[in-house]
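Asks: pasting the sequence and the predicted coordinates here, then a few questions.
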Amino acid sequence: MILHFGILILAGILLPVLLYFESTENRKGLVPAKTSLSMLFVLTALVQAHPHPAYYHFLLLGLLFCLGGDVCLTSPKMFLMGLVAFLVGHVFYIIAFFHLSCFNSWTWIGAALFFMVSGCIYLWLSPHLGPMKGPVGAYVGVISVMAVGAFTIMGDPRLPLPARGMVFSGALAFYASDIFVARDRFIQKETLNRFLGLPLYYGGQFLLAFSVSHVG
């Protein structure tokens, strides 16, 4: 428990540091700050008890690929590589979620909601994507399935409510954060995108990492 609080305190220090380096576009400070902060959500999963080993291992793989994606996104030239890393990370999240829970009525509600919302987001982005239309379209599809998986877990009464809430909230925060990433990359680059998107992203990742110990 003390270790968990220590990780969260350190994350709470690093996040404003990261936001500062993002706002000043200081790459020398940005790379170590972002890498360190992202390593903390991996560490969070590693130090949790994991009563459901398969969920733990798949989620951990997803977190590791997201860490790789974060490192890639510190360089604009590596955006596509970062996009692929996050896409693979979401695939592991999807496997983790659907390994933990079965299809239920929430699955279909989530599918209807997210494919409608994601379709609208893609149409919004599409005129600005150029050669990135295919990769971004694939990513939008995969993150939508990830969000549907989180809806599936939320609707499974066999799972403890804290675990359901963590997965559901974490996945939705991650989904929302990517809207700001896309806006910053393709629509309008501004500090506001990072000041809204990064707290959502890291909050979501930490919630998913903490869910490991609550699913049993």
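Replies: Nice, thanks for sending it over. Note that the structure is a prediction, hence the values are computed from the model and not measured. Numbers count the residues shown, from 1 in each chain.

Asks: list the contacts for the most centrally placed residue in the chain?
Replies: By Cα atoms, centre = their mean, the chain has its centre lying nearest to F174, at 3.8 Å. By Cβ atoms under 8 Å, 6 or more residues apart in numbering, F174 lies in contact with I143, M146, L200, Y201, G204, Q205, L208. Where you see a C-beta, it was placed from the backbone N, CA and C, and this is true even at glycine.

Asks: assign a three-state SS to it, would you?
Replies: helix (DSSP: H, G, I helix; E, B strand; the rest coil).

Asks: now S213
Replies: Three-state assignment for S213 (three-state DSSP): coil.

Asks: which SS class is the nearest residue to it once chain neighbours are set aside?
Replies: Once flanking residues are discounted, S213 sits nearest to Q48: 4.0 Å by Cβ to Cβ, 6 or more residues apart in numbering. Of the three states, Q48 takes coil according to three-state DSSP.

Asks: where does the prediction get shaky in the chain?
Replies: Of all residues in the chain, none has pLDDT under 70.

Asks: same thing but at 80, please
Replies: 1-2, 216 (pLDDT under 80).

Asks: show me where it has strands.
Replies: Shown for the chain, no strands are assigned by DSSP state E.

Asks: can you pull out the helices in it?
Replies: Secondary structure of the chain (DSSP state H): helices located at 2-24, 27-46, 53-72, 79-100, 105-125, 133-154, 161-182, 191-211.

Asks: who's in contact with stretch 147-161?
Replies: The contact list for stretch 147-161 (Cβ under 8 Å, 6+ apart) reads 93-94, 96-98, 100-107, 109-111, 113-114, 163-165, 167-168, 170-172, 175, 214-216.

Asks: how about stretch 21-34?
Replies: 14, 17-18, 20, 70-71, 73-75, 191, 194-195, 198.
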